[in-house]
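**Student:** below: sequence and its predicted model.
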Amino acid sequence: MSKEPNETEQDKNIHLVVDYVSGSLEDFGNEMRRVEVFGAQIAKRTQLFIRTSLTILVASSVMLVFMIQDMAMVMGDMLDNMNQMYSNFEKMSADMEVMTASVNDMRVSTDGMPVISTSMVSMADTMGGMTQSVGQMQGHLQAMQGDVGGISGDVKQMSQRFTVMTQRVQHLGGNVNHMAHPMNNLGPLEGIFPP
């Protein structure tokens with residue numbers, strides 16, 4: 001009988017330990033369920049974050065593909081424009097060479113300008129002298145006109161005198177004929193004087 005209270009005490013201790021362990025296990029199970037709920041929530045949030053990130057990544061990739069395609073088209077247009085610009089630069093370079101050649105030709109052509117200027121001054125001086133000479137020539141021509149007028153008058157007078165002289169010579173010829181007429185009537189002398 002003395003052992004019964006000890007067994008009961010042991011049973012109580014065992015029950016207490018079992019109750020404690022059972023309570024601890026139940027608390028551990030509750031904690032694990034709570035951790036599992038938190039893990040599920042975190043997994044859902046992580047899954048939502050991953051899906052959102054993947055969606056954004058896919059959308060960004062699609063936009064990036066379109067942007068790269070658009071950039072490639074723009075780059076193609078840019079290359080065409082640069083080729084056109086290069087061609088225009090070549091034409092401009094050729095035009096500049098022509099302009100440079102023209103400027104050089106102009107420089108060569110204008111090298112003679114000082115000589116021409118000197119010649120023009122000399123020509124102006126010569127023209128002044130020529131003007132004076134022409135003025136003198138005009139005076140001489142007027143004097144010559146007067147002289148020619150005098151010569152013309154003299155020629156007219158000479159012509160009139162020749163006319164008078166011709167008339168007198170003719171008259172003299174008539175007188176000679178008239179004087180020779182009696183001689184012609186003489187017989188033997190008839191052949192000496194013409195009729």
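**Tutor:** Ah, there it is.
**Student:** contacts, neighbours, all on C-alpha from now
**Tutor:** Noted.
**Student:** low-confidence stretches in the protein?
**Tutor:** For the chain, the stretches with pLDDT under 70 are 1-7, 112-113, 178-195.
**Student:** what segments of it are strands?
**Tutor:** Using DSSP state E, the chain contains no strands.
**Student:** which residue ranges make up each domain of it?
**Tutor:** The record's domain parsing of the chain by automatic domain parsing lists 1-123, 147-195.
**Student:** dump those into a markdown table; add distance to His140 and mean neighbour count as well.
**Tutor:** Listed next are the domains of the chain as a markdown table, based on distance: least, CA to CA, whole Å; neighbours: other CA atoms under 10 Å:
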| stretch | distance to His140 | mean neighbour count |
| --- | --- | --- |
| domain 1-123 | 24 | 12 |
| domain 147-195 | 10 | 12 |
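**Student:** and of those domains, who's closest to Leu141?
**Tutor:** Closest to Leu141 of the domains of the chain is domain 147-195 (CA to CA; 9.4 Å).
**Student:** how about the domains of the chain, which one is nearest Gln136?
**Tutor:** Shortest distance between Gln136 and those, using CA to CA, is found for domain 147-195: 16.2 Å.
**Student:** would you format the domains of the chain as JSON lines with distance to Gly135 included?
**Tutor:** As requested, those are exported to JSON lines (distance: least, CA to CA, whole Å):
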{"stretch": "domain 1-123", "distance to Gly135": "18"}
{"stretch": "domain 147-195", "distance to Gly135": "18"}
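**Student:** and of those, who's closest to Gly129?
**Tutor:** Nearest to Gly129 among those is domain 1-123; the distance by CA to CA comes to 9.6 Å.
**Student:** now do the contacts for Ile42.
**Tutor:** Applying CA atoms under 8 Å, 6 or more residues apart in numbering, one finds that Ile42 lies in contact with no residue.
**Student:** any idea how far Val74 is from it?
**Tutor:** Shown here: Ile42 relative to Val74, a distance of 46 Å by CA to CA, to the nearest Å.
**Student:** and for Gln157?
**Tutor:** 111 Å.
**Student:** same check, this time on Gln138
**Tutor:** Counting by CA to CA, the gap from Gln138 to Val74 is 87 Å.
**Student:** longest helix of this structure?
**Tutor:** Counting by DSSP state H, the longest helix found in the chain is helix 4-110.
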